[in-house]
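Peer 1: Need coordinates for the below:
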Amino acid sequence: MSAVARRHRESAIDTSVVHNINRLLERHFRADYLVIDVNDMLTRDAIRLLTMHPLRAYDAIQLATARFVNQRLIEQKLTPITFLCADTRLLQIATTIGLSVDNPNNHI
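Peer 2: Sure, this is the predicted structure:
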């Protein structure tokens, strides 16, 4: 939604498009995603990541959560996640902490 809001502020898309995208995202959020609450463990890991890498706070939370989910999948002998992101710096850090990564811009 961040990118959509930015495009709206820049007058690249109108309000009705923003509302439609928001409704679609909300529907996917409720139906298609497993929501993981940010808890003390994730916050502590995010803080560790912040002290070790040049990250923004939300990026650290995202990486800490991805690492948590990945560890649980591996423990259950399930397929690990692929951390998908278009930010090359964030992808480099994700690789450093042991995540498999992919950049959607490589598939255009």
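
Peer 1: show me where pLDDT drops low in this structure?
Peer 2: Within the chain, not a single segment meets pLDDT under 70.

Peer 1: neighbouring contacts of the helix or strand harbouring Tyr58?
Peer 2: According to DSSP states H and E, Tyr58 maps onto helix 57-75. Helix 57-75 is contacted from outside by 36, 38, 41-43, 45-47, 49-50, 53, 55, 79-81, 83, 87, 90, 93-94, 97-99, using Cβ atoms under 8 Å, 6 or more residues apart in numbering. C-beta here means a position set from N, CA and C on the backbone, and glycine is covered the same way.

Peer 1: Direction included, what does whatever helix or strand comes next after that helix pair up with?
Peer 2: Next along the chain after helix 57-75, taking DSSP H and E as the criterion, comes strand 82-84. Here strand 82-84 is paired, per DSSP bridges, with strand 100-102 (parallel).

Peer 1: Please identify the buried residues of the helix holding Tyr58?
Peer 2: For helix 57-75, a neighbour-count test (16 or more other Cβ atoms under 10 Å) marks 59-67, 69-70 as buried.

Peer 1: ok, now stretch 75-84?
Peer 2: 81, 83.

Peer 1: Check stretch 42-51 too.
Peer 2: 42, 45-46, 49-50.

Peer 1: State the distance from His19 to Asn70.
Peer 2: According to Cβ to Cβ, to the nearest Å, His19 stands 34 Å off from Asn70.
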